[in-house]
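In: Predicted structure and sequence below. I'll ask about it afterward.
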Amino acid sequence: MHDQLAEVFKEYEGEKGAVIPVLQKVQEKLGYLSEEAISEIAKFSKMSESEIFGIASFYAQFRFTRPGEHAVKVCLGTACHVRGGEQILEAVERDLDVERGGTTKDYKFSLERVACFGSCALAPVMVVDKNVYGRLTIIKVRDILSKYH
Amino acid sequence: MKFEEIQKRALSAWDAWQRSSKPRILVGTATCGRAAGAIAVMEAIYEELKQRSIEAAVTEVGCIGLCYGEPMVDIIKPGNPRITYCNMTPEIVPQLIEDYLIKDNPHPELALGYIGDGKVDGIPVLFELPVLKPQVRIVLRNCGFIDPTNIDHYIANDGYSGLVRALATSPEVVVEEVKKSGLRGRGGAGFPTWMKWELCRKAPSKEKYIICNADEGDPGAFMNRSLLEGDPHSVLEGMVIGAYTIGANEGYIYCRAEYPLALERLRIALRQMEGYGFLGDNILGSGFNFHIKIKEGAGAFVCGEETALMASIEGKRGMPRSRPPFPAVSGLWGKPTNINNVETWANIALILQRGGGWYSQYGTENSKGSKTFALVGKIERTGLIEVPLGIKLRDIIYGVGGGILKGKQFKAVQTGGPSGGCLPASMLDSPVDYESLTAAGSIMGSGGMIVMDENTCVVDIARYFLSFTQAESCGKCVPCRVGTRQMLNILERIAKGEGQPNDVAQLERLANTVKLGSLCGLGQTAPNPVLTTARYFRDEYEAHILDKRCPALVCKELISFYILPDKCTGCMICARNCPVEAISGGKRLIHVIEQEKCVKCGTCLDVCPERFSAVVKVSGEQIKVPQKPVPVGT
């Protein structure tokens, strides 16, 4: 971990207002922001750990626990909402036996609700890793997820 | 290299591409096209061309806005007009290529329309279609027509001539031109752009900043994403013009991290600009220096607010501060800063290219030009549209959009995202301009337009938006932090059927407090969805509160599903598909839903074959059904 962080820090050495890009890069490399990582970032930024955590926890992008192997994101933007997105999300929760925001016990899936992917024309939409699935129904959800089990 | 030379070379490259002796195939691969399967379609095209040894040029283009027809493929056979094909699949495409490119059969049944000179039997002119006829293409003029990763395509279509014109004149003249155009901010609030520029230009400081707000956070809106993916240079040209005008040497693009393709296209575009000397030191020999950095947002809706956005660029929590001082005086790092939305910047390039007078021919007295909207929801033709300001809502929904999905009844249209309001059928003939939308209780916003039908519950919609703004409230000021929470509590209990008679009045009181007392735009506009629904659809609130009934059959706690005993044939399809095994029955037995187990997902209603139509959804009434499954016919 130390080398990976050093690499990120080198890129942002001396740059004004670099905390957020640093957090983004670190999360990209490590998958999430561990306590150790936050502590290192604090040293690099010459700020306290609580300040760094305060910034990171403000933004929805940052995670503080280990994510699952597959990221399942169900869209609940307005277009998805009016076309039944909530029912889709509930179906995923039932199928994976995990609540929104959580990770399955076997670390296979993380489930998130997101505000909008901008693929509103295909509502309701779900994204698994980088694959977008549109015009979903509860029955389709089961088939899609079974491919990742 | 001089600009004239760059332009000449770009034009001849463009011309050669246009008059290519080989067939050209354009594939719309913006994010929406990709979501619909455009990449697989493109791979199928490459495979077919290779297998049949057909020489053709395949180009990826941005989105033309007809989302309902994605994935879209355009084929231009030398000497023929360009034909636009919709809803392509990897299965259809090889046949189409074989039949059209080899056998000369253009398959009119797969085509949406054609563009250009000539005529194709059985295919209409694309821009004469009802979906496109009421539209104008000003900001989106290049989307779907140029290769967004090729700067020469942009230059060949008048690109960067606006910048050249600006650099040859004084900042005062540029401000005057923008003033003449009548352009107002496209981020939603509609502040006159020239005035904002003039304030910042006059602010005395050696260091100034320009920001492009690409933090498109409204759920249900994707105008900016589409523009950045389909024509990034139009936005960047506007930024350089703005920087020159106010005297800034550094600029930022603050773009959502959720838009990876837009970010990639921007990075490519910035490199190309530097290569041609449109960015960097001594731009086109003018002595003017300007650099642009990209900052990726980290997922906070409030960062769309200008002071919060600047705090975020500075590496802080993205919390707004009170104004004055306005950013034009003290913005990023305490220096004068001018911030505009993506679409505003793209308009600037065009105004300098074609003139403010030309631009002001579109729109109304006080709202000039065009506006892009993401037309989505319960509408036949979803898409990204661009219409002249002043157009009637009816012409958008029934003309461009083709009416309500499946011929259902129109209920409301929501503009302005979580900050806007729901407008009822009686407003369909109001014009779409800044003042009219505000008078109706909504706002122009950045351009989300979500259509709702009879099956949409306004209480549920108000609750949905409030839960969004409540979760996104940064917590700095009390009216927004506590007020939105209280409003949400009330809405939640109304949706559960636990509303109290004075709840609507209480909601309105709270809403007005939050509106007046909040620090920034998020809180000041968060009550709009509640206020408009309470104003135009009060009877629906009353049905929930007094009758414990959801007329649109949406609110979960107020609806039930039943299987009608005289219609059920015991086919078992519903029981097999029920995700929670709440349906008991058996072959030739009338099925029964156990109400305590039912999660009200509606699957049984969806799967029950239409010829039986045995499942019903009701609210506020009880249907008599057997306690346990009994043989069909008893």
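Out: It's in. Numbering: from 1, shown residues only, chains lettered A, B, ... in the order given.
In: For the spatially most central residue of chain A, which three-state class applies?
Out: Geometric centre of chain A, nearest residue: residue A:61, 6.0 Å, by Cα atoms, centre = their mean. The three-state label given to residue A:61 by DSSP: H, G, I helix; E, B strand; the rest coil is coil.
In: Would you mind measuring from it to residue B:299?
Out: Computed as Cβ to Cβ, to the nearest Å, the residue A:61 to residue B:299 distance reads 4 Å. C-beta: built from backbone N, CA, C; applies to glycine.
In: before we move on, what about residue B:233?
Out: According to Cβ to Cβ, residue B:233 stands 27 Å off from residue B:299.
In: With residue B:5 instead?
Out: Per Cβ to Cβ, residue B:5 is found 44 Å from residue B:299.
In: give me every residue that touches the residue nearest to the centre of chain A.
Out: Counting by Cβ atoms under 8 Å, 6 or more residues apart in numbering or on different chains, residue A:61 touches A:24, A:27, B:257, B:298-299.
In: Now with 6 Å, please.
Out: The contact partners of residue A:61, by Cβ atoms under 6 Å, 6 or more residues apart in numbering or on different chains, come to B:298-299.
In: Over to the one 3 residues further on?
Out: With contacts defined as Cβ under 6 Å, 6+ apart, residue A:64 is in contact with residue A:33.
In: same check, this time on residue B:149
Out: So residue B:149 contacts residue B:268 (Cβ under 6 Å, 6+ apart).
In: so what strands line up beside the worst-scoring helix or strand of chain A on mean pLDDT?
Out: In chain A, no helix or strand scores lower on mean pLDDT, DSSP states H and E than strand A:131-133, which sits at a mean of 87. According to DSSP bridges, strand A:131-133 has the following sheet partners: strand A:126-128 (antiparallel).
In: any idea how far residue A:20 lies from residue B:63?
Out: According to Cβ to Cβ, residue A:20 stands 29 Å off from residue B:63.
In: For chain A, what lies in contact range of chain B?
Out: Taking Cβ under 6 Å from any Cβ of the partner chain as the contact definition, chain A meets chain B at A:17, A:19-20, A:55, A:58-61, A:77-79, A:81-82, A:87, A:94, A:115-116, A:118-122, A:132, A:134, A:138.
In: Contact partners for the nearest residue to residue B:465 once chain neighbours are set aside?
Out: Closest residue to residue B:465 apart from its sequence neighbours, by Cβ to Cβ, 6 or more residues apart in numbering or on different chains: residue B:529 at 4.0 Å. By Cβ under 6 Å, 6+ apart, residue B:529 lies in contact with B:421, B:462, B:465.
In: I'd like those residues laid out as a markdown table, including pLDDT, secondary structure and neighbour count.
Out: Formatted as a markdown table, the contacts of residue B:529 follow (pLDDT from 0 to 100; DSSP: H, G, I helix; E, B strand; the rest coil; neighbours: other Cβ atoms under 10 Å in any protein chain shown):
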| residue | pLDDT | secondary structure | neighbour count |
| --- | --- | --- | --- |
| B:421 | 93 | strand | 29 |
| B:462 | 96 | helix | 29 |
| B:465 | 94 | helix | 28 |
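In: next structured bit after the lowest-mean-pLDDT helix or strand in chain B?
Out: Least confident helix or strand of chain B, by mean pLDDT, DSSP H and E, is helix B:31-35 with a mean of 86. Following helix B:31-35 in sequence order, the next helix or strand is helix B:38-51 (DSSP states H and E).
In: Now do the buried residues in the helix or strand following that next one.
Out: Next along the chain after helix B:38-51, taking DSSP H and E as the criterion, comes strand B:57-61. Neighbour counts over strand B:57-61 (16 or more other Cβ atoms under 10 Å in any protein chain shown) mark B:59-61 as buried.
In: same question for strand B:57-61, mean pLDDT?
Out: Taken as a whole, strand B:57-61 has a mean pLDDT of 96.
In: do stretch B:427-440 as well
Out: For stretch B:427-440, the mean per-residue pLDDT is 94.
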